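Novice: Here's a sequence, model it:
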Amino acid sequence: MVLHLLGKKSWNVYNTANVERVRRDEAEAQAREEAEEQRMQDEDAARRIALLRGEPVAPLLPEAVTPGDSDARGNAKARRDRDEKHDGEPRERKRRKLHGEDDTDCEIRFAREDAEAGQRAKTVLVKKDVDDAPLIDHAGHVQLIPAPDEKAIRKAGKNDAAEAEKAQKRKREEDQVTMRFSNAAGFKNGMEKPWYASNKLAGVEERGASKTVVLTEVSEKDVWGNEDPRRKDRERSRISSGDPFAAMKHAQRQLKQSSFDKERWQRERMTELEELKRTEEKQERLDRRLSTLLTRPSGNVVSGTYTRGDTITTAVGPE
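Specialist: This next block holds a predicted model:
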C-alpha cells in the first residue's frame, strides 16, 4: 500500500495553506513598500517647498520599524550598507580587467588611474579660493580689490641680461652641431684660406703636429696614478692604427718586404742550382776519366785512387 504523507507535512510548499500564506505575505510587503515610497516622496516634496520658501528645513525623521516588516527593513539596510560606507561616502566600485587586457596592462591602468585621482585631489586641496581674501589689509584700510603681489610680479618678470646670456649660450651650442652654408667659404675660419684651397702637405703637417700635441698631453701614468712608461707608445700605436694614411704606408712596406723576400729566395735557389750543376759536371768528368783508364788497350797495369762523391774507388788495369 502506497502512503501519501507529503501532503500531510506542514513544511510542504504545495499545501494550500502554505501557498495562501506566501501570497498574503507578498501582498503585505508590497503594500508596505508602496506606503514607504509614498511617505518618502511626500517628505521630499515638503523639504523642497521649504527650501524654495526660505523656511528652515526639518531634519529627516528616522524610519519606524515594525515587527512585521523587520525582514524588509533588514534587506533595505543591507542594500544601503552595500551602496554606502559608514562615513557616508559612496562605495568604491570594484575595478575589473577590460576585454583583451592582460594582468600587466590591467595593473598599469589601475596605477595610472590612482595617480590621476591623487593629482586631482591634490589640485583641489591646494587650490586657493580668491573669495576668501580679507577686505582689510595689514594697515587697516578697506581694500575691495587686492593689490598685486610684488613677489609674484618679480618672479613672473624676466631679466633681460640673463635672457640675453641664455640666448648666446644656446646659439653657441647650436653653432657647434649645426652646419650652415655660410661656413662653406671658410666663415669664421679665415676667408683668405678656405678649406678647399688648403695644401695637402700643410694638412699632413698639421695632422702630425696635432698628433704630437696629443702625445705630449698624454701622461705617463695610468688612471690610478701608477707609473706607465709605455703608455705613450700604446697611444702612438692607437693613433697610427686609426690613421688611413699610416695603414697605407704599412701595407706598402709589407708589399716591398714581400717582394724583397721573394727575390732573395730566387737568388738563393739559383745559387743552389748552380752549385748542384757544378757538382754534377765534376762527377761526370771523374766518371769519364775512370772509364778511360779501365778501357786502355795496353798491358801495363795502372793503379789509382779516385774520389766519387764520398766513395773511394781503386782502379786497376793493364799498363
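
Novice: Okay, buried residues for the host helix or strand of Ala17 please.
Specialist: If you go by DSSP states H and E, Ala17 is part of helix 16-53. For helix 16-53, burial by neighbour count (16 or more other C-beta atoms under 10 Å) applies to Glu36. C-beta here means a position set from N, CA and C on the backbone, and glycine is covered the same way.

Novice: what helices or strands is that helix leaning on?
Specialist: helix 70-83 (3 or more C-beta pairs under 8 Å, 6 or more residues apart in numbering; DSSP states H and E).

Novice: so how far is Glu33 from Glu26?
Specialist: 11 Å (C-beta to C-beta, to the nearest Å).

Novice: circling back: mean confidence (pLDDT) on the helix holding Ala17, please.
Specialist: Per-residue pLDDT over helix 16-53 has a mean of 92.

Novice: Could you do stretch 120-131 as well?
Specialist: Here the average pLDDT along stretch 120-131 is 68.

Novice: cool, stretch 294-303 as well?
Specialist: 58.

Novice: and after the strand or helix carrying Arg238, which helix or strand comes next?
Specialist: Element membership for Arg238, per DSSP H and E: helix 231-241. Later in the chain than helix 231-241, the nearest helix or strand by DSSP H and E is helix 244-294.

Novice: Which strands and helices lie in contact with that next one?
Specialist: helix 231-241, strand 302-308, strand 311-317.

Novice: Between helix 231-241 and it, find me the angle.
Specialist: 90 degrees (axes from the mean of the first three to the mean of the last three C-alpha atoms, to 10 degrees).

Novice: Would you mind measuring from Pro56 to Ala167?
Specialist: Distance, Pro56 to Ala167, using C-beta to C-beta: 67 Å.

Novice: I should have written Thr295 there, sorry.
Specialist: 117 Å.

Novice: Same check on Arg238?
Specialist: From Arg238 to Ala167 the distance is 40 Å (C-beta to C-beta).

Novice: Could you do Lys262 as well?
Specialist: 68 Å.

Novice: What of Glu274?
Specialist: 86 Å.

Novice: Sketch out the low-pLDDT regions of the stretch 51-200 of the chain for me.
Specialist: 61-92, 126-133, 155-158, 179-200 (pLDDT under 70).

Novice: Tell me which stretches of it form helices.
Specialist: Using DSSP state H, counting those that start in this stretch, the helices found in the stretch 51-200 of the chain span residues 70-83, 103-126, 150-156, 160-177, 200-217.

Novice: residues in contact with the second one?
Specialist: Right, helix 103-126. Arg95, Lys97, Leu98, Glu101 (C-beta atoms under 8 Å, 6 or more residues apart in numbering).

Novice: Let's see that with 7 Å instead.
Specialist: Arg95, Lys97 (C-beta atoms under 7 Å, 6 or more residues apart in numbering).

Novice: could you give me the average pLDDT of the helix holding Arg238?
Specialist: Here helix 231-241 scores 79 as its mean pLDDT.

Novice: can you offset everything so residue one is 18?
Specialist: In the new numbering, first residue 18, that becomes helix 248-258.

Novice: Show me what it is packed against.
Specialist: Other elements packing on helix 248-258 under the criterion 3 or more C-beta pairs under 7 Å, 6 or more residues apart in numbering; DSSP states H and E are helix 217-234.

Novice: Can you tell me how far Glu182 is from Asp192?
Specialist: As judged by C-beta to C-beta, Glu182 and Asp192 stand 16 Å apart.

Novice: and if you look at Ala178?
Specialist: When Ala178 is compared with Asp192 (using C-beta to C-beta), they lie 21 Å apart.

Novice: Against Gln55, how distant is Ala48?
Specialist: Distance from Ala48 to Gln55, by C-beta to C-beta: 11 Å.

Novice: Lys299 too?
Specialist: Lys299 is 148 Å from Gln55, where distance means C-beta to C-beta.

Novice: tell me the domain ranges of the protein?
Specialist: Partitioning the chain according to automatic domain parsing yields domains covering residues 28-72, 199-259.
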